[in-house]
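> have a look; sequence and predicted model below, questions after that.
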Amino acid sequence: QVLLVESGGGLVQAGGSLRLSCAASEGTFSDRPMGWFRQAPAKERELVAAITLGGDSTYYPDSVKGRFTVSRDNAKSTLYLRMDSLKPEDTAVYFCAAAGRYYTGLAYIPSNYHYWGQGTQVTVSS
């Protein structure tokens, strides 16, 4: 069982920045691709960033490309999401997620992920 705990959400004005963190509870973090998802009210959960287990490759959808940066510190079992130039449409609950062990690629869809955090609210005011 992998326990994931997000932090760093909050209220920010449009154009501002936030950095989310996701701390993993146990030692398989470095064996797993990771991802950040978000879900706004009445919308489906969407992937906003994915990173390979070694951190050498990342993916972003067009909606956040150039504004969001995912990174990981395997020594600290922690995943990060730096969000710049935030827009009101970025308002959502943000979740981190851990995919299956030893998968060497990127995980793109929710069913690829085995463990989820509880989420942290990000609100961007206009």
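Yep, that arrived. Residues are numbered from 1 along each chain as shown.

> just the strands in the protein please.
Ranges of strands in the chain, per DSSP state E, are 4-7, 10-13, 18-24, 34-39, 46-51, 58-59, 68-73, 78-83, 92-99, 113-116, 120-125.

> which neighbours does the third one have in its sheet, and in what orientation?
Read it as strand 18-24. When pairing is defined by DSSP bridges, strand 18-24 lines up against strand 4-7 (antiparallel), strand 78-83 (antiparallel).

> could I get the strands of the chain as a markdown table with mean pLDDT and distance to residue 107?
C-betas here are computed from N, CA, C, even on glycine. Below are these laid out as a markdown table (pLDDT from 0 to 100; distance: least, Cβ to Cβ, whole Å):
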| stretch | mean pLDDT | distance to residue 107 |
| --- | --- | --- |
| strand 4-7 | 97 | 14 |
| strand 10-13 | 98 | 27 |
| strand 18-24 | 98 | 15 |
| strand 34-39 | 98 | 6 |
| strand 46-51 | 98 | 6 |
| strand 58-59 | 97 | 9 |
| strand 68-73 | 98 | 12 |
| strand 78-83 | 98 | 13 |
| strand 92-99 | 97 | 4 |
| strand 113-116 | 95 | 6 |
| strand 120-125 | 98 | 20 |
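
> any chance of the strands paired with strand 18-24 in a markdown table, with distance to residue 46 too?
As requested, the strands paired with strand 18-24 are exported to a markdown table (distance: least, Cβ to Cβ, whole Å):
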| stretch | distance to residue 46 |
| --- | --- |
| strand 4-7 | 16 |
| strand 78-83 | 14 |
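
> deepest in the core, which of those is it.
Mean neighbour count (mean count of other Cβ atoms under 10 Å) peaks for strand 78-83 among the strands paired with strand 18-24, with a mean of 22.

> what angle do that one and strand 120-125 make?
10 degrees (axes from the mean of the first three to the mean of the last three Cα atoms, to 10 degrees).

> put the alpha carbons of strand 78-83 into CSV.
Below are the C-alpha coordinates for strand 78-83, written out as CSV (Å, rounded to 0.1, in the frame of the first residue of the first chain):
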residue,chain,number,x,y,z
THR,A,78,8.4,13.3,-3.2
LEU,A,79,6.7,14.4,-6.4
TYR,A,80,6.3,18.1,-7.3
LEU,A,81,4.2,20.2,-9.6
ARG,A,82,5.3,23.8,-10.2
MET,A,83,2.4,25.8,-11.7
